[in-house]
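Undergrad: Requesting a structural model of the entry that follows:
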Amino acid sequence: MSIMVVVRFPVPRQQLADWAKENISMLAPIRALFEKHGRISHQVVTNETEFLDLDVWPSREAYAAFKAEAGAMIEAFESAFGHRSTDAIYDFA
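TA: As a prediction, the model looks like this:
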């Protein structure tokens with residue numbers, strides 16, 4: 001059964017956008033792992049103080065496999081901002 005993962009990251013949207021433009025090479029390997037592990041869809045919502053990733057994955061196992069492989073890359077991304085993200089997994093009813 002597919003799941004929704006909500007990742008919350010406490011960084012202002014403009015700071016994130018500016019950083020992403022300058023560090024696209026750091027994000028590319030993570031994006032490749034999204035495809036490898038079957039992420040179905042992706043949306044981003046933001047406000048002035050944080051952004052949320054809303055990702056649909058085919059299963060909890062697929063998301064866990066992604067996180068296991070991408071963990072070090074995600075930690076490097078988070079270190080650039082001095083913040084850790086949090087994630088919550090929701091089942092579709």
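Undergrad: Okay, buried residues for the worst-scoring helix or strand of the chain on mean pLDDT please.
TA: One helix or strand of the chain scores below all others by mean pLDDT, DSSP states H and E: helix 13-22, with a mean of 85. Going by neighbour count (16 or more other C-beta atoms under 10 Å), the buried part of helix 13-22 is 16, 19. (Each C-beta comes from the backbone N, C-alpha and C, glycine too.)
Undergrad: Then stretch 47-57?
TA: Neighbour-count burial for stretch 47-57, counted by 16+ other C-beta under 10 Å, picks out 50-52, 55-57.
Undergrad: where does stretch 86-93 sit relative to the chain's centre, distance-wise?
TA: Chain-centre distance of stretch 86-93: 13 Å, with C-alpha atoms, centre = their mean, to the nearest Å.
Undergrad: who touches that stretch?
TA: Residues from elsewhere that reach stretch 86-93 (C-beta atoms under 8 Å, 6 or more residues apart in numbering): 1-8, 60, 63.
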